[in-house]
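Trainee: Next one to model:
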Amino acid sequence: MSDLVPELLNTLNRRPRRTGLLRKFERTAGDEVQGVLSEARATIDVIVQLLRADTWYIGLGVGEVTQPLPRSTRAGSGDAFVFAREAVNKAKSSPHHVNVVGADTKAAEQAEAVLWLMASVLRRRSDRGWAVADLLAEGLTRREIGVKLGISQSAVTQRAQAAGFAEEQRGRVLAAELLESGAAA
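Mentor: Predicted structure coming up:
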């Protein structure tokens, strides 16, 4: 089996610089990577990207990070790093391979539940559904997407519905809000 980590790191750290990325993603051990993000929405973007690949166990630690941050992600410390280690271990036995651990247990469990629901939606999404969802996420109109994909606006709408695009967008907002409330605790 080939090493998938270099490609993952390239994707996660791609320029232009990812919003909210305080320290770039780095390999920590074997096939594990770790990064430091300051924004909940950016964190959800990364999680959706990882869920889409359907290859990774995702552990998210929500909490304080010792300041100042060291130059290397691997040298970081604080509750968020401890929680992340616990979360990735739990993710290995999680039904959707994603786990959230934080000081605010309730907010972490609620965010995790939303991410599990999103994972369920995303796993069922077809390539055609991803094509429409990606273009909608870029801000294209249904008409523009139809022209680009050579399908009718009605077909775009049907694919977006089948892909669970609205559900994903609402899940992203809710998960980010829960992560923000858990970080503030």
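Trainee: remind me, longest strand of the chain?
Mentor: The longest strand of the chain (DSSP state E) is strand 21-29.
Trainee: what's that strand in contact with?
Mentor: If you take Cβ atoms under 8 Å, 6 or more residues apart in numbering as the criterion, strand 21-29 is touched by 5, 8-9, 12-13, 33-38, 42, 69-74, 76. Yep, even glycine has a C-beta here, placed from its N, CA and C like the rest.
Trainee: tell me the phi and psi of Val156?
Mentor: Backbone torsions for Val156, taken as degrees, to the nearest 10, come to phi -60, psi -50.
Trainee: Can you tell me how far the residue lying closest to Val62 once chain neighbours are set aside is from Leu179?
Mentor: Spatial nearest neighbour of Val62, excluding adjacent residues (Cβ to Cβ, 6 or more residues apart in numbering): Gly102 at 3.3 Å. According to Cβ to Cβ, to the nearest Å, Gly102 stands 8 Å off from Leu179.
Trainee: what do those two both touch?
Mentor: Any residue near both Gly102 and Leu179 by Cβ under 8 Å, 6+ apart counts here, and that gives Val62.
Trainee: that older thread, hang on, the residue nearest to Val62 packs against Gly61?
Mentor: Yes: between Gly102 and Gly61 there is a contact at 6.9 Å, judged by Cβ atoms under 8 Å.
Trainee: residue ranges for the helices of this structure, please.
Mentor: Along the chain, the stretches classed as helices by DSSP state H are 5-12, 40-53, 79-91, 105-123, 127-137, 142-149, 153-162, 165-184.
Trainee: tally of neighbours for Ala53?
Mentor: Ala53: 11 surrounding residues under other Cβ atoms under 10 Å.
Trainee: Just give me the residue right at the centre of this structure.
Mentor: The centre of the chain sits closest to Ile47, judged by Cα atoms, centre = their mean, with a distance of 1.3 Å.
Trainee: dump the residue contacts of that residue.
Mentor: Contacts here follow Cβ under 8 Å, 6+ apart; on that basis Ile47 touches 58, 60, 98, 115, 175.
Trainee: Mind doing that once more with 6 Å?
Mentor: Listed by Cβ atoms under 6 Å, 6 or more residues apart in numbering, the contact partners of Ile47 are Ile58.
Trainee: Same question for Glu86.
Mentor: Counted by Cβ under 6 Å, 6+ apart, Glu86 has contacts Val101.
Trainee: so what's it scoring on pLDDT?
Mentor: Note for Glu86: predicted pLDDT of 97.
Trainee: for the one 4 residues further on, same thing?
Mentor: Predicted confidence (pLDDT) at Lys90: the value is 97.
Trainee: can you check the one 5 residues further on too?
Mentor: You'll see Pro95 listed with a pLDDT of 92.
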